[in-house]
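K.L.:
One predicted model, sequence on top.
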Amino acid sequence: MNHTPELAQTFIAIVGKENVLTREMDTAYYRSGFRYGFGGAAAVVFPSTLVEQWQVLEAAVNAGCAIILQATKTGLTGGSSPSGFDYDRPVVIINVGRIGGLRLLRDGTQALAFPGTTLFELSQELKAIDRVPHSVLGSTTIGATVIGGVANNAGGALCKRGSSYTEYALYARVNEEGALELIDHLGIRDLGDTPEEILTRLEAGDFSDEDLIDDERVASDTDYVNRIRDLEATVPNRYNADPRRLHEVSGSAGKVVCFAVRVDTFEAPKRKQVFILGTNDPDRFVDMRRHVLSTFEHLPEMCEYMNRTTFTIAEKYAKDVALAIKYLGTDRLPAAYALKAKAEYLLNKIPLLPKYLPDIFLYYASKLFPQHLPKRLLEYRDAYEHMLILVTADDAIEESRDYLENNWSRHEDVGFFECTEKEQEAALLHRFSAAGAGLRYQNLHQRTTEEVLALDIALLSSDPEWVENLPEELTRDMVLSLSYGHYMCHVFHNIYVYRKGADLERMKRLMLERLESHGAKFPAEHNVGHMYEAEETVKSFHEKLDPTNTFNPGIGRTSKSRRSANA
C-alpha cells in the first residue's frame, strides 16, 4: 500500500508543514546512520508532543508503513536509520528529537525522561543536586538520548553500572492482531484511561511522587558491580544478547515505540582524580585488572584503553571533533552534524568531486589550529604502545594511588602519572573523539581503501588475549588497525581499514568466527542494528515485542517484510 502523498498530508495536519520532510535532499541526513547505513524513506516526521507522536504513529500504522524511530541518530550500527531501498512498504521515520523535557523524581534519585531527553540535558539538570546519569562519556557528549541508550543496550564507560536498563516504561506496540496499543508500565498511578489522556497528563507533569509505584522492578542494572568482579564467568560482563537485560523497552532496538522511562540517577563523586598508565607489555594490564577487580574495595569510575595507533590517528584525524566539542559545546553538535550531512549529500552528487568533501575540509581546517593535546599525553604515546585512562573518585583515589605507587611501579617498562584538570579533560575528550578517527582516515583515503570494518566486542573476563594477534590471512591487506574500549568491562571497539579490493564481508566473518571460538560476544553495547546478525535470544525477544515486523524491520539481519498479524 503506497499512499505517501495523502499520508504526508495527514502528517502535516498533525505536526505542521515545516515538520514533515519528503524531498530526498531534506531527508538525506535522517536516512543515513551516524557511521553506518543509508536507505530510503517516504517521509521524516517531527512531532513536538507525546500526543502528536501517538497520532503520527497511528497514521503510519493505519497506512501499513514500516516505521523507524529516531532521535539524535548517534547509534553506530545503523539501527536508527533505513538500510537500503528494498522494503516491501513505505518507510516512515519518526524523529522524536523535539519531544524533550524531563522531570526529577524523589529528590532526584530517579528521573522521568521523554523521547528527546538527552543524557547531556539530564546531566546538566542533575549537576545542581550533585547527582549524575547512567552515562558520562561519549554518548553524553554527542547528544544521545536517555531512551535511546535504554533501547540500544548502551553500555557507557562506567565500571560499576553496566548497560542502560530499566523496567519502568510507557511504550506502544503493534500486537498480534495488528492493532496499535499503549502499554503503561511506567509505575505512575491514575494517569488516565485513553492514550491521549495518559500522554497529556504525563507531559504536563500532572502527578506527584506519591503517585509513583514501587514494586520488585528496577530502574538500572543494579547487579553489574558484582558481575564485573567475576573473573571466571562463562559469558562476558555485558553484551547485547544477555537475556537478563532484555525487558520490554530495554534492549528493544526500536521494535516498540517508547514515550517515557523512569531511570535511576547516581550520587556524584565529591573528588575525582585521573591517572594515565602506560606499558609495552599488555600482560601488565591483565595483572592490574585482575588485581583491581578481585581486591579493591572501591572500584574506579572508568578505565579507558587506547593503543598507540588509535591515539595517533585520533590526534591527526579527529582533531576537529575534539575542538568542536570543546568550543561549540555538545548542545550545538546535532545541528552541526545535520548541516554537514546535507552539504555532503549535495556535494556527492557533483561529478568528479571526491565524496565526503566536508570531512576533507574539516581535516585540513583543523591543521590550522595548534597542538590540542598536553605534552605529557604525547610523551606517553611515544613511550608506550598501550595506554589506560584510569578515572577514580573519592575513596578509590587513595586505593588506586597506593596500588600504582607500591605495586604497578615496581615493574619495568611501565609508567603512570596523575593528570592535572587540563590533562584530564584532554585525555577523556581524546578517547571519545577516537571513535570517529578510523572513519575520517578512510574518507581521506577513499581511493585506496575499502569502507571501515568496525567491531563491537565483549570478551570473557578471563580472556588474556585482549590484544589481537591476527593471522596473516587477516592482516595481509590491512592498512590500519585501531583498538580502544572499556578495559575493566573487557569491552572493546576494534576498527579496521583494508586496501581497495579486499573482501570485507569475508574478513568480518573470519574475525567474528575467531572471536566466537573463545567465548566473545558481539555486539557488546551498540545494538545489532544492520551490521550484526542477532542471536536467537534477541530475534525471539524482538519478534515477541513486534509480531507484525512493523518497527525497524531488518535489524539483526532479519527479514524486512511484514509478518501477518495472524501468523
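P.N.:
Right, received. Where do you want to start? Residues are numbered from 1 along each chain as shown.
K.L.:
Tell me which other helices or strands the helix or strand hosting V321 touches.
P.N.:
Element membership for V321, per DSSP states H and E: helix 319-328. In terms of contacts (3 or more C-beta pairs under 8 Å, 6 or more residues apart in numbering; DSSP states H and E), helix 319-328 is packed against helix 333-348, helix 357-366, helix 421-433. C-beta here means a position set from N, CA and C on the backbone, and glycine is covered the same way.
K.L.:
so how far is it from its chain's centroid?
P.N.:
19 Å (C-alpha atoms, centre = their mean, to the nearest Å).
K.L.:
where along the stretch 451-567 of the chain do the helices fall?
P.N.:
Secondary structure of the stretch 451-567 of the chain by DSSP state H, counting those that start in this stretch: the helices cover 472-475, 504-517, 536-545.
K.L.:
okay, the first one in PDB with CA atoms only?
P.N.:
The C-alpha atoms that make up helix 472-475 are tabulated as PDB, following Å, rounded to 0.1, in the frame of the first residue of the first chain:
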ATOM      1  CA  GLU A 472      48.400 -13.200   8.100                       C
ATOM      2  CA  GLU A 473      45.200 -14.000   6.200                       C
ATOM      3  CA  LEU A 474      43.500 -11.200   8.100                       C
ATOM      4  CA  THR A 475      46.400  -8.700   8.100                       C
END
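K.L.:
Which elements pack onto that helix?
P.N.:
Counting contacts by 3+ C-beta pairs under 8 Å, 6+ apart, helix 472-475 packs against helix 504-517.
K.L.:
which SS state does I183 fall under?
P.N.:
Under the three-state scheme (DSSP: H, G, I helix; E, B strand; the rest coil), I183 adopts strand.
K.L.:
Would you check that L545 makes contact with K255?
P.N.:
Yes: here L545 reaches K255: they are 4.4 Å apart, a contact under C-beta atoms under 8 Å.
K.L.:
So which of these two has more stuff around it?
P.N.:
K255 (27 against 20; other C-beta atoms under 10 Å).
K.L.:
can you redo the helices of the stretch 451-567 of the chain as TSV with distance to A113 and mean pLDDT?
P.N.:
Shown next, in TSV, are these (distance: least, C-beta to C-beta, whole Å; pLDDT from 0 to 100):
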stretch	distance to A113	mean pLDDT
helix 472-475	42	96
helix 504-517	34	95
helix 536-545	20	97
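K.L.:
of all those helices, which lies closest to F432?
P.N.:
Of all these, helix 504-517 sits nearest to F432, with 24.4 Å by C-beta to C-beta.
K.L.:
Just the residues contacting that closest one, thanks.
P.N.:
Residues outside helix 504-517 that contact it (C-beta atoms under 8 Å, 6 or more residues apart in numbering) are E450, E451, L453, L455, I457, L459, L470, E473, L474, Y496, Y498, F522.
K.L.:
surely the first one meets L480?
P.N.:
No: applying C-beta under 8 Å, one finds E450 not in contact with L480, separated by 11.1 Å.
K.L.:
Spit out the residues that contact these two alike.
P.N.:
With C-beta under 8 Å, 6+ apart as the test, E450 and L480 both reach V497.
K.L.:
Nearest to N443, out of the contacts of helix 504-517: which one, please.
P.N.:
Looking across the contacts of helix 504-517 and measuring by C-beta to C-beta, the closest to N443 is E451, at 9.7 Å.
K.L.:
correct me, but that closest one touches Q442?
P.N.:
Yes: using C-beta under 8 Å, E451 makes contact with Q442 at a distance of 6.5 Å.
K.L.:
out of those two, which sits in the more crowded spot?
P.N.:
Q442 (24 against 13).
K.L.:
Please give the element, helix or strand, for the more buried one.
P.N.:
For Q442, the host element (DSSP H and E) is helix 437-444.
K.L.:
ranges for the strands of the stretch 51-200 of the chain?
P.N.:
Taking DSSP state E, counting those that start in this stretch as the test, the strands found in the stretch 51-200 of the chain are 66-70, 91-95, 102-105, 110-113, 131-132, 169-174, 180-185.
K.L.:
For stretch 412-420, measure first residue to last.
P.N.:
End-to-end distance of stretch 412-420 (C-alpha to C-alpha, to the nearest Å): 25 Å.
K.L.:
Please apply the same query to stretch 413-425.
P.N.:
End-to-end for stretch 413-425, by C-alpha to C-alpha: 26 Å.
K.L.:
ranges for the helices of the stretch 101-250 of the chain?
P.N.:
119-127, 138-141, 146-151, 195-204, 224-227.
K.L.:
looking at those helices, which is buried most?
P.N.:
helix 146-151 (a mean of 30; mean count of other C-beta atoms under 10 Å).
K.L.:
what's next to it, contact-wise?
P.N.:
Outside helix 146-151, the residues touching it (C-beta under 8 Å, 6+ apart) are 71-72, 74-75, 80, 102, 111, 113-115, 117-119, 122, 133-135, 139, 154, 156, 164-166, 169, 249-254, 258, 260-261, 263, 527.
K.L.:
one more time with 6 Å, if that's ok
P.N.:
Here helix 146-151 makes contact (C-beta atoms under 6 Å, 6 or more residues apart in numbering) with 71, 113, 115, 117, 119, 122, 164, 166, 249-250, 252, 258, 261.
K.L.:
CA atoms only for that helix, dumped as PDB, please.
P.N.:
Extracted C-alpha coordinates of helix 146-151, given in PDB (Å, rounded to 0.1, in the frame of the first residue of the first chain):
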ATOM      1  CA  VAL A 146      18.200   8.500  27.600                       C
ATOM      2  CA  ILE A 147      15.600   6.300  25.900                       C
ATOM      3  CA  GLY A 148      17.900   5.600  23.000                       C
ATOM      4  CA  GLY A 149      20.500   4.300  25.500                       C
ATOM      5  CA  VAL A 150      18.000   2.000  27.200                       C
ATOM      6  CA  ALA A 151      16.600   0.700  23.900                       C
END
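K.L.:
which residues touch G97?
P.N.:
With C-beta under 6 Å, 6+ apart, G97 has these contacts: A71, T72, G116.
K.L.:
a markdown table for these, including pLDDT, distance to G205 and neighbour count?
P.N.:
Below are the contacts of G97 laid out as a markdown table (pLDDT from 0 to 100; distance: C-beta to C-beta, whole Å; neighbours: other C-beta atoms under 10 Å):
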| residue | pLDDT | distance to G205 | neighbour count |
| --- | --- | --- | --- |
| A71 | 90 | 21 | 26 |
| T72 | 80 | 23 | 24 |
| G116 | 94 | 16 | 25 |
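K.L.:
could I get the residues you listed as TSV with distance to L429?
P.N.:
Output for the contacts of G97, formatted as TSV (distance: C-beta to C-beta, whole Å):
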residue	distance to L429
A71	23
T72	19
G116	25
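K.L.:
Which of those residues sits closest to L390?
P.N.:
Once C-beta to C-beta is applied, the member of the contacts of G97 that ends up nearest L390 is T72, at 29.4 Å.
K.L.:
L377: helix or strand, and which one exactly?
P.N.:
Element membership for L377, per DSSP H and E: helix 375-383.
K.L.:
If we go by neighbour counts, what in that helix is buried?
P.N.:
L377, Y380, R381 (16 or more other C-beta atoms under 10 Å).
K.L.:
Reformat the residues you listed as JSON lines; add pLDDT.
P.N.:
Listed next are the buried residues of helix 375-383 as JSON lines, based on pLDDT from 0 to 100:
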{"residue": "L377", "pLDDT": "97"}
{"residue": "Y380", "pLDDT": "97"}
{"residue": "R381", "pLDDT": "97"}
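K.L.:
Make CSV from the residues you listed and add distance to T234 to it.
P.N.:
Formatted as CSV, the buried residues of helix 375-383 follow (distance: C-beta to C-beta, whole Å):
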residue, distance to T234
L377, 38
Y380, 36
R381, 36
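K.L.:
Backbone torsions only: list them for P351.
P.N.:
P351 adopts backbone torsions of phi -60, psi 150, taken as degrees, to the nearest 10.
K.L.:
That concludes my questions; thank you for your assistance.
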